[in-house]
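[1] here is my input, please return the structure:
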Amino acid sequence: MSVDVMSTFFALLALGANVVVLTAIATSVVPALRPVRGRLADGVRGSTLVLAAVVTGVATAGSLYYSEVAGFPPCRLCWIQRGFMYPLFPALTLTAWRGAWPLRPWARLAALLGAAVSVWHLLVERFPGLEGAIACDAANPCSLVWVKEFGFITIPYMAFAAFTLVAVLLSVRPDSPTDARACDASDEPSTSKARTA
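    The predicted structure follows:
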C-alpha cells in the first residue's frame, strides 16, 4: 500500500479516537449525559486494558511504518513521543494478559505526558519559531510536516489522538473487586492476618 493510503487509514483511526475521547469528555461534563457515560463505561469495562494495548500497538506499528517503510526520519520530539508510547504496548499487553491493573496509573500518566509532548509538537509544526526553544536538529527539524491528511491531521496529531484515547480507556474503573483493589493500592504491601496456633 502507498504512504497516502496508509496515512488516510491512520488519520481515520485518529478521528475515531477523537470521537471516543470527546464523547467521554461530554458525558463527564454534561449532567444530562452522565447516564450514557455509565452505560458506555459498562460496555467496555472488562476490555479497557486490551483496547488500550491494541491502541498502543497500532500507534507503535504506525510510527515504525512511517520511519522504516515510508522513510520519514523521526525528529527529536517524535523520539520523545515514541519513548512514551513504545513501552506502553508490552506493558499493557502483559497487564491485560495477567488480568491485573497495577500499572494503570503509571500507564495513564505516561499517556498524558506523551499527549503533552504531542501538543507541543503540534505547536512547533504550526509555529516553527518555537522550534528554537527545544533545540531540534537543523537537518531534521521538528517543524517538518511529513503527512497532512484532511488539511489538519499530522503525525503528532495522530500520536495525540492515540495518547488521549489510551488515557481515557485507562480511566475506566475495573469491574471486579480484586482489580479495583489492584487499581487503588497496587504499591501497598498486602496485609494478611497471621494464624496463631
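[2] buried ones in whichever strand or helix holds Thr48?
    The secondary structure element spanning Thr48 is helix 48-64 (assigned by DSSP states H and E). Judged by neighbour count using 16 or more other C-beta atoms under 10 Å, the buried positions of helix 48-64 are 48-60, 62-63. (Each C-beta comes from the backbone N, C-alpha and C, glycine too.)
[3] what's stretch 36-51 in contact with?
    The list of residues contacting stretch 36-51 from outside it, by C-beta atoms under 8 Å, 6 or more residues apart in numbering, reads 23-24, 27-28, 92, 95-96, 101, 104, 169-170, 172-175.
[4] got the CA coordinates for whichever helix or strand comes after the helix holding Thr48 in CSV?
    Using DSSP H and E, the helix or strand that follows helix 48-64 towards the C-terminus is helix 76-85. The C-alpha trace of helix 76-85 is given here as CSV (Å, rounded to 0.1, in the frame of the first residue of the first chain):
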residue,chain,number,x,y,z
ARG,A,76,13.6,14.7,18.5
LEU,A,77,10.0,15.3,19.6
CYS,A,78,9.0,12.2,17.7
TRP,A,79,11.6,10.2,19.6
ILE,A,80,10.3,11.6,22.9
GLN,A,81,6.7,10.6,22.0
ARG,A,82,8.0,7.1,21.0
GLY,A,83,9.6,6.9,24.4
PHE,A,84,6.2,7.3,26.0
MET,A,85,4.3,5.1,23.5
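[5] check the offset of the helix holding Thr48 from the chain's centre.
    Going by C-alpha atoms, centre = their mean, to the nearest Å, the spacing between the C-alpha centre of helix 48-64 and its chain's C-alpha centre is 8 Å.
[6] same check, this time on stretch 14-25
    12 Å.
[7] what's it in contact with?
    37, 40, 55, 150, 153, 157-158, 161-162, 164-165, 168, 171.
[8] in this structure, what helix or strand scores lowest on average pLDDT?
    For the chain, using mean pLDDT, DSSP states H and E, the weakest element among its helices and strands is helix 177-184, scoring a mean of 42.
[9] sorry, back to before: just want the angle from the helix holding Thr48 to helix 76-85.
    Angle between the axes of helix 48-64 and helix 76-85 is 150 degrees (criterion: axes from the mean of the first three to the mean of the last three C-alpha atoms, to 10 degrees).
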